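*Asks:* predicted model and sequence below, questions to follow.
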Amino acid sequence: MTVLHTSDELEVRALAVGQLDNNTYLVTCRKDGAQLLVDAADDPERLLGLVREGSGSARLDAVVTTHRHPDHHRALASLVALTGAASMAGSDDADAIHDATGVPVVRRLHHDDVLTVGHLTLEVVGLRGHTPGSVALAYREPGGPVHLFTGDSLFPGGPGATRTPADFTSLMADLTDRVFDRFDDDTMVYPGHGKGTTLGVERPHLDEWRARGW
């Protein structure tokens with residue numbers, strides 16, 4: 001477990017799990033202990049330990065699955081059973097996640113939806129292309145940076161993998177309009193695998209990504 005950020009408002013912890021070293025992120029509201037987990041990827045016992053690290057209990061209010069790929073929800077059923085957390089996912093990926101895990105998606109997320117976790121408010125950012133229903137979550141910290149949890153849609157060095165040129169075009173359009181044109185350079189990016197980055201580091205390379213097509 002790694003503490004990535006602490007402020008008066010929130011704490012962000014991360015744990016890499018599974019064979020693909022998926023990043024699972026725990027967002028804790030420091031005012032009342034409410035917690036949100038981003039991607040219950042694997043190893044439910046370790047994830048439960050992460051949850052307990054955040055609040056001192058097994059309190060988990062919600063799990064947001066950023067997209068339908070199995071390596072991002074292998075522990076979802078176990079963690080929901082252990083904690084009673086509400087399962088949430090992008091609307092166009094929700095059925096696939098339900099079919100794969102057996103866990104009902106109690107809230108289908110759409111672009112510009114708002115999630116409330118204790119005293120924290122997070123914005124849903126739809127990023128179509130890696131999968132049809134991929135979503136990111138953005139928290140605008142008062143007096144601090146935006147915290148952006150991007151799943152497999154944005155990494156250091158480029159967008160997530162896409163299967164067709166149309167998917168790539170879609171993802172780049174959403175990243176441009178909904179991320180780079182919307183958030184400042186100091187925005188902290190928390191990807192689904194590997195190390196984080198900032199939008200300021202990645203912004204100069206947008207034209208390069210478009211030209212190479214991946």
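*Replies:* Cool, the structure landed. None of the values given here were measured: they were computed from a predicted structure.
*Asks:* alpha carbons only for contacts and neighbour counts from here, please
*Replies:* Will do.
*Asks:* give me the element the residue nearest to Gly158 when sequence neighbours are not counted is part of.
*Replies:* Distances taken as C-alpha to C-alpha, 6 or more residues apart in numbering place Trp209 nearest to Gly158, at 6.4 Å, with adjacent residues excluded. Following DSSP states H and E, one finds Trp209 within helix 206-212.
*Asks:* same for that helix, what does it pack against?
*Replies:* strand 158-159 (3 or more C-alpha pairs under 8 Å, 6 or more residues apart in numbering; DSSP states H and E).
*Asks:* after the strand it packs on, next one along is what?
*Replies:* Taking DSSP H and E, what comes next after strand 158-159 is helix 165-174.
*Asks:* any idea which helix or strand comes after that next one?
*Replies:* strand 188-191.
*Asks:* which strands and helices sit next to that next one?
*Replies:* The contact analysis (3+ C-alpha pairs under 8 Å, 6+ apart) places strand 188-191 against strand 146-151, strand 154-155, strand 197-198.
*Asks:* list of residues touching the longest one?
*Replies:* The set of residues that contact strand 146-151 without belonging to it, under C-alpha atoms under 8 Å, 6 or more residues apart in numbering, is 38, 66-67, 134-141, 183-184, 186-193.
*Asks:* ok so, going back, for the residue nearest to Gly158, give its distance to Gly160.
*Replies:* 11 Å (C-alpha to C-alpha, to the nearest Å).
*Asks:* of these two, who's got more company?
*Replies:* Comparing Trp209 with Gly160 by other C-alpha atoms under 10 Å, the one with more neighbours is Gly160, at 21 against 15.
*Asks:* surely the more buried one meets His130?
*Replies:* Yes - using C-alpha atoms under 8 Å, Gly160 is in contact with His130, at 6.1 Å.
*Asks:* need the residues touching each of those two.
*Replies:* Joint contacts of Gly160 and His130 (C-alpha under 8 Å, 6+ apart) are 152-153.
*Asks:* spell out, range by range, the helices that occur in the chain.
*Replies:* 44-55, 76-83, 91-101, 165-174, 199-202, 206-212 (DSSP state H).
*Asks:* give the rounded mean pLDDT of the shortest one.
*Replies:* Summarised as a single mean, pLDDT over helix 199-202 is 98.
*Asks:* got the buried residues for that helix?
*Replies:* Buried positions in helix 199-202, judged by neighbour count with 16 or more other C-alpha atoms under 10 Å: 199, 202.
*Asks:* what does that helix contact?
*Replies:* In contact with helix 199-202 (C-alpha under 8 Å, 6+ apart) are residues 156-158, 180, 183-189.
*Asks:* make TSV from those and add pLDDT to it.
*Replies:* Shown next, in TSV, are the contacts of helix 199-202 (pLDDT from 0 to 100):
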residue	pLDDT
Pro156	98
Gly157	97
Gly158	98
Phe180	98
Phe183	98
Asp184	98
Asp185	98
Asp186	98
Thr187	98
Met188	98
Val189	98
